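*Asks:* Just a sequence and a predicted model for now, questions to come.
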Amino acid sequence: MGTFSEGIEVVETAAGLPLHLAWRGGRYTLAAEPLRWYRRRNWWDEETRAAPGTGAGLVDREIWRVQVRRDGGSRNAPLLTLDLVRYLPSGRWRVIKIHDALTETVEELEPGA
Amino acid sequence: MPKFVHLHAASAYSAHYGVSWPDDLVQAAAADGADALAATDRDGLYGAIKHVQACMAAGIDPILGVDLAILDDAGQGSGAGPSRSRPAPVETGRVVVLAHGGRALRAGAGYAALCRLVSAAHARQQGPVGLTLAELAGGVLDPETGEPALTVLVGPFSDVAGAMGGRRYLAPRTRFAAWLHAMPAGTLAVEVVSHFSEPGGPLSTTRAVRMLKLAEEFGVPAVLANAVRYCTADDAPTADVLDAARAITPLGRLPGLQPTGQGWLKSGADMHRAGREIVGQGGYGTAELEQLWANTLKVADKCRLDPAADLGWKRPVTPEAAVLGLSQAPARELWQRAEAGLSLRFPGIGGGRLAAVRDRLTMEMDTINDLGFASYFLTVAEVSEMIRGMGVRRAARGSGASSLVNYLLGISAVDPIANDLLFERFLSRDRSTLPDIDLDVESAERHNVYHRIFERFGPRRVTLMSMQNGYRARGAVRDAGLALGMDPEDVDGIAKQLWRFSARSFREALVEKPELRDFAARVEQAHELGGGTQLDLLVDLTERLDRLPRHISMHPCGVILGDATLLDRTPVQPSGLGLPMSQFDKHDMDPMGMLKLDVLGVRMQSAMAYAVREVVRLHPSKAEVVAAGRHPAGPDGRGPDYVGEDGRIDLDAVPLDDEPTFELIRSTHTLGCFQIESPGQRELVGKMAPREFNDLIIDISLFRPGPMKSNMVKPYLENRHGFAPEHYAHPDLKPALAETHGVTVFHEQVLRTFHVMTGCSLSHADEHRRRLGNPEQEPAVEAFFRTSARAKGYGPETIEEVWETLKAFGSFGFCKAHGAAFAMPTYQSAWLKAHHPAEFLAGLWEHDPGMYPRRLLVAEARRMGIPILPLDVNASTGSYRAERTRAVPGGSGGNSGGATGGATGCATAGREAAGEEVTGIRLSLADVYGLSGTELKRIVAGQPYDSLADLRSRARVSRPVLKRLAQLGALDSLQRSAQQATGNTANRADLVAHVNSLPAPKSGRHNEPMEGQLHLPLGELELGTLPARLPAPTQAETVRTELDLLALDASAHLMDSYAPLLAELGVTTSDRLLGLRNNSEVLVAGVRVATQTPPMRGGRRVVFISIDDGTGCVDATFFHEAQDRSGPLLFGTRMLLIRGLTRRTGPRGISLQALEAWDLGRPETLPGPGCLQDPRRPQDSRHPAPGKPEPTVAGLARLMESEGLDHRTGQAAPEGACPAGLVGAARNRYDQGGPQQPPYVAWTRGHT
């Protein structure tokens, strides 16, 4: 069990890629090409409805792995790697994984958070 | 935006895999700007024709392919020779195979290669459907030109991609090298797909990149695709549920679920982004993306199909003249045969009549020859004649009876001129599709007939048609529950409450249908508790599964006949029968120009043939048959001509004016008679009181959803009985409508009405009729009708009235030719019941043709006073046999079954004095639970037996079966004869106990007596000295045993044991209802025999429940309020107590309007005696809902479609619609009739 996931503000590019982040009081900008994939969900355990017309986003969730640098930080500081999830249809983002040299925390979230 | 073509897309016709309909996929692709789309269903071309149709409608090019498994038969060693125990081949992966179109190749060659390849994939004797690499490689070239005819896409589900996990380098390359080595040049491409799953996993971008690099490395073109399973992202969860249903495993325990939900038909823009991401991750740039894109379009171009050139779209194909044995042109041959038929069918006519017949013939022949269908008619005639030659009963059905040519060729037995049937209803120049000619044959002979057709035309030219079976509510809720991992019993309980509505409207139904009240309350309760949300999901998933194809099966009657190219035009696969079956269904026949012949197995035909054989077996001479059946004396006083000298009855020659037959029909005791045995029909024949054959045609045509719903029945009956004057909108219409007293009943009348009032030709009139009821086409018909009728001088009121009739009725009415074809077996079955009831009932028991469980027909025999002879190892065989027996006063068994309640027309009734010989029916061993076919054969072969030991040693039945035979009284005769010798007084219970205590028979051959060695006559000793220890079984126990082991209550009626309870409650029996006043309040009780939800006026559902109480049937009608009071009892309960009001339906008919119902099996819930006097009892408060709009015809059509109420396709039960995948699976004995309409609730047998 890890800690709870955290909300994060994301500014997206025109193509829908994350660009700037606001998290834990700091501002960050992407420093490398982000990696995107989808993770499968056991929607039958997590959801209460699956009515026709509401199925998008039920089977998988969009995950982005971003490497960011704190705005105004040193160019030599190591990049911070975060796994973000984007919820549909709200379009909100949360941090679900912080890649750390020492600890690694992972969080599964309640839907629609 | 760059244009994109999807080359890999499964439709819903990939059963338990694809989610979306071809139409939706094509429309989505076209809307996105694509100019082509592929359909690549799994294992076949199941959705191909629908796809092509949709593409043509959307104006884009169809591409066809298949998603096939590649098999590895590793056991086939090199040079090891044919090994006996070769392991079944295993699936190594799946690839897509696409057909090349006529632009790249000889027209049709690609599609033909695809058909052949798919058929080959299904032809394997053992193992999964699929091909080995070598087999695939052997099928991708056009055999004529040697050019590539197919392109194979090695993609994300191939063995190559499968070997890419874990960053292995060598394995995928070795496998791909094998592909390259095996496949001819120009037939291979690499399919690059990413569903953006977690990096490194299946369908991840990582793997897509590896595939792309592999293609580059080996110099094979790579194409971009999305392995589509559904149209939109919304459908992704449905794919999960289908995966669970396919694997029969709950989602929570299912390995290999789609890793993401990205397999939808993505737009060109989405695909371009995906391509960029893949190329980008591979470290490539724009040039590579453009190459990938261009390769995709290049393959697409190569595979564009031209429906006409490549598939032979809509071009009718019939067997070659040489195969039909023709030495001249088909048109000439047809003329000659029709001419020959003239003198046979119309002997000795001349003058005006002959001229009329000739005119009609010339008209029909002109049309047939204009359409080029002569060889079609000759083909059907050939099949029909072949069946006749086999000695099998056959009858043409459907609109084919409208054709004089069919009558002259012997295809149809109905004279279309005498019966006023219109050829235009059957075939016209305005419709160029092949007409339908349907042949009914004895169900028991259907398979033989199929085999003979295959022999006659050759397996290259014949295949069976298939049908798609889609999810309906019950199956959908079961599979949805399975996917969710719910308790199967719980789900089953819910499923049983679902009664004929489409799964799509499940949530709506929860609110509306009283029988779902309990379930709705559970869903509601779960909401309140905030848990148990599975029920909500269950409802949603059930709705998602609605109508999706589940499996393909043999169509109950369709046989496809073609020329030697048939198997280049349809893929085939094995059917349950062992004969090949096309992957196309009836909707695909017209587009593909395929000649489909419906050869329907009709159990009633088998039952009648059986009855005729039984009559002649018991009465082997003309005199005996005439006496037994009380037939008229005939021309020479020795009996009628239709009874042969040997006693054989020619049913088809029986005159259609037999008074005892009509008397039987009017009595409404028509259980077992074709088409007129349902509760609604019994009510209708009671009201209508048919007097002649044409009345039967009208009766059958009236009992259809259209006439019933648009209330045409009442005015017809009132006019017929002279209660109301006949009314014609205009005197000109009188000739067309007179036979039905001014009421429009038949399609033929609609055609004539159009013809008279607008002056259009009859064939145009039929085109107009077909457009009625179609919301898009009807307005044009209306405009035409009004304008033309006005021009002919008809007044506005007449026009208005006639149009209203046409509109309400045209789309629903019944083709008179159908009615005439149906009326024939109806009349014949009633004739048999009137004259040879025991033999007829024996035929019904044997072939089980009707809508009711067999036990009701046993009750009918009891009611008619026909002795039911018990099982007896020395007298019973594998069939229900008629048997001469001494009449017992008061009928057989415990229940007095004498002539009750007007059992008229029954030849035995009234003649049965004690001791006189009558005909009874001997029960068959075939339906003893657990008795195997081989045991049965041994028992029958060894008859008679003189002792139990004799039976044991020679019949060698298993001990459990021996015990059951003892329980059922089949050993009573052995016991009786032993006891006569010894005076022993042991009873059946003692015998059962004795059989039970016998040691299990030792297995092994050395125990068998040697040839010539006789068993010791110990039998008499054994049964003659049984200790009499146990009380004899009560009658109730005996009946219980019979129901459990035989599914029949043979020795007494099931209800008899309730007699004291029912007497206390003051229950009225069925035979006494007729003596009551209309609107009397009564209690009735009985066993449920049928449940129907027929279409009714006003759109609200009405439930008909028929119960049988031993004296006859009571038909109870539950309107909305009574349904509400009865709730879950409506569909699940077997033994019912019903309170209701009598409703007189005619001189001989009475039914019940139910007010309330109880479950007899739960005594604690029953009302007490005197409940009919209880002032608090609920009353009938039904009154017409004010202001409720009458439903429109189109609305009704939709409703009926969605609830499966439209029975117009015919009521006769086609035999054996068995899903291919379910052969051998346990099936309820009552549901073997396939799509029998309407259904009934069969109670389940409680054997343990």
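*Replies:* Done, it's in.
*Asks:* To what extent is A:Asp83 buried, counted in neighbours?
*Replies:* Residues contacting A:Asp83 under the criterion other Cβ atoms under 10 Å in any protein chain shown number 20. Every C-beta, even on glycine, is put in place using the N, C-alpha and C of the backbone.
*Asks:* so it sits in a strand?
*Replies:* Yes - looking at A:Asp83 with DSSP: H, G, I helix; E, B strand; the rest coil, it is inside a strand.
*Asks:* surely it meets A:Val68?
*Replies:* No - A:Asp83 is beyond contact range of A:Val68, at 11.7 Å (criterion: Cβ atoms under 8 Å).
*Asks:* Looking at chain A, which residue reaches furthest from the middle?
*Replies:* Residue distances from the centre of chain A (Cα atoms, centre = their mean) peak at A:Pro52, which lies 27.0 Å from the mean C-alpha position.
*Asks:* what's the span of stretch B:836-856, first residue to last?
*Replies:* Terminal residues of stretch B:836-856 are spaced 19 Å apart (Cα to Cα, to the nearest Å).
*Asks:* Likewise for stretch B:627-646?
*Replies:* End-to-end span of stretch B:627-646 (Cα to Cα): 14 Å.
*Asks:* In it, which residues have enough neighbours to count as buried?
*Replies:* B:628-629, B:631, B:639-640, B:643 (16 or more other Cβ atoms under 10 Å in any protein chain shown).
*Asks:* So for that stretch, mean pLDDT?
*Replies:* For stretch B:627-646, the mean per-residue pLDDT is 91.
*Asks:* for stretch B:290-306, same thing?
*Replies:* 97.
*Asks:* Pull out the buried positions in it.
*Replies:* For stretch B:290-306, the neighbour count (16+ other Cβ under 10 Å) marks B:291-293, B:295-297, B:299-306 as buried.
*Asks:* same check, this time on stretch B:376-392
*Replies:* Within stretch B:376-392, the residues that count as buried by 16+ other Cβ under 10 Å are B:376-384, B:386-387, B:392.
*Asks:* Mind checking if stretch A:82-98 is in reach of chain B?
*Replies:* No - no part of stretch A:82-98 sits close enough to chain B to count as contact by Cβ under 8 Å from any Cβ of the partner chain; the gap is at least 9.0 Å.
*Asks:* Of the buried residues of stretch B:627-646, which is the nearest to B:Val1089?
*Replies:* Comparing the buried residues of stretch B:627-646 against B:Val1089 with Cβ to Cβ places B:Gly629 closest, at 28.3 Å.
*Asks:* and the nearest residue to the closest one once chain neighbours are set aside, how far is that from B:Val612?
*Replies:* Beyond its immediate neighbours in the sequence, the residue positioned closest to B:Gly629 (Cβ to Cβ, 6 or more residues apart in numbering or on different chains) is B:His835, lying 3.8 Å away. B:His835 sits 11 Å away from B:Val612 when distances are taken as Cβ to Cβ, to the nearest Å.
*Asks:* Check the offset of the longest strand seen in chain A from the chain's centre.
*Replies:* Longest strand in chain A by number of residues, with DSSP state E as the criterion: strand A:60-70. Its chain's C-alpha centre lies 5 Å from the corresponding centre of strand A:60-70 when counted by Cα atoms, centre = their mean, to the nearest Å.
*Asks:* Direction included, what does that strand pair against?
*Replies:* When pairs are called by DSSP bridges, strand A:60-70 turns out to pair with strand A:26-30 (antiparallel), strand A:35-40 (antiparallel), strand A:80-86 (antiparallel).
*Asks:* what sits up against the shortest one?
*Replies:* I take that to be strand A:26-30. Under the contact criterion Cβ atoms under 8 Å, 6 or more residues apart in numbering or on different chains, strand A:26-30 has outside partners A:17-22, A:66-71, A:80.
*Asks:* ok, the closest residue to B:Ser958 other than its chain neighbours - contacts?
*Replies:* With sequence-adjacent residues excluded and distances taken as Cβ to Cβ, 6+ apart, B:Ser958 is closest to B:Glu935, at 7.0 Å. Contacts were defined as Cβ under 8 Å, 6+ apart; by that measure B:Glu935 touches B:955-958, B:961.
*Asks:* repeat for B:Met757
*Replies:* Contacts of B:Met757 were listed using Cβ under 8 Å, 6+ apart, and they are B:730, B:732-733, B:785, B:788-789, B:792, B:794, B:799, B:802.
*Asks:* so which of those residues comes closest to B:Ser1070?
*Replies:* Using Cβ to Cβ, the shortest approach to B:Ser1070 within the contacts of B:Met757 belongs to B:Leu733, at 42.8 Å.
*Asks:* Just give the closest residue to the residue of chain A found nearest chain B, not the sequence neighbours.
*Replies:* Across chain A, the shortest distance to chain B (Cβ to the nearest Cβ) belongs to A:Val59, at 3.0 Å. Among residues not flanking A:Val59 along the chain, B:Gly261 sits closest, at 3.0 Å (Cβ to Cβ, 6+ apart).
*Asks:* and the one you found, that one's in a helix?
*Replies:* No - when the secondary structure is assigned by three-state DSSP, B:Gly261 falls in coil instead of a helix.
*Asks:* Would you confirm that it contacts A:Glu62?
*Replies:* No - here B:Gly261 lies out of contact with A:Glu62, judged by Cβ under 8 Å, at a distance of 10.7 Å.
*Asks:* what is in contact with those two at once?
*Replies:* Contact with both B:Gly261 and A:Glu62 is made by residues A:Tyr38, according to Cβ under 8 Å, 6+ apart.
*Asks:* who's more crowded, the two?
*Replies:* In this comparison of B:Gly261 against A:Glu62, neighbours counted by other Cβ under 10 Å, the higher total goes to B:Gly261 at 28 against 18.
*Asks:* who are the neighbours in contact with the more buried one?
*Replies:* Taking Cβ under 8 Å, 6+ apart as the criterion, B:Gly261 is in contact with A:38, A:40, A:55, A:57-60, B:233, B:236-237, B:239.
*Asks:* Closest to chain A out of the buried residues of stretch B:376-392?
*Replies:* Among these, B:Tyr376 lies closest to chain A (Cβ to the nearest Cβ), at 43.7 Å.
*Asks:* Give me the neighbour count for the closest residue to the closest one other than its chain neighbours.
*Replies:* Among residues not flanking B:Tyr376 along the chain, B:Thr318 sits closest, at 5.2 Å (Cβ to Cβ, 6+ apart). In terms of burial, B:Thr318 registers 25 neighbours under the definition other Cβ under 10 Å.
*Asks:* and stretch B:919-931, which residues are buried?
*Replies:* Of all the residues in stretch B:919-931, those buried under the rule 16+ other Cβ under 10 Å are B:919-925, B:927-928, B:931.
*Asks:* now those in a markdown table, with distance to B:Gly647 and pLDDT?
*Replies:* As requested, the buried residues of stretch B:919-931 are arranged in a markdown table below (distance: Cβ to Cβ, whole Å; pLDDT from 0 to 100):
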| residue | distance to B:Gly647 | pLDDT |
| --- | --- | --- |
| B:Thr919 | 14 | 94 |
| B:Gly920 | 19 | 94 |
| B:Ile921 | 19 | 95 |
| B:Arg922 | 20 | 95 |
| B:Leu923 | 25 | 94 |
| B:Ser924 | 23 | 94 |
| B:Leu925 | 27 | 94 |
| B:Asp927 | 28 | 90 |
| B:Val928 | 31 | 92 |
| B:Leu931 | 32 | 90 |
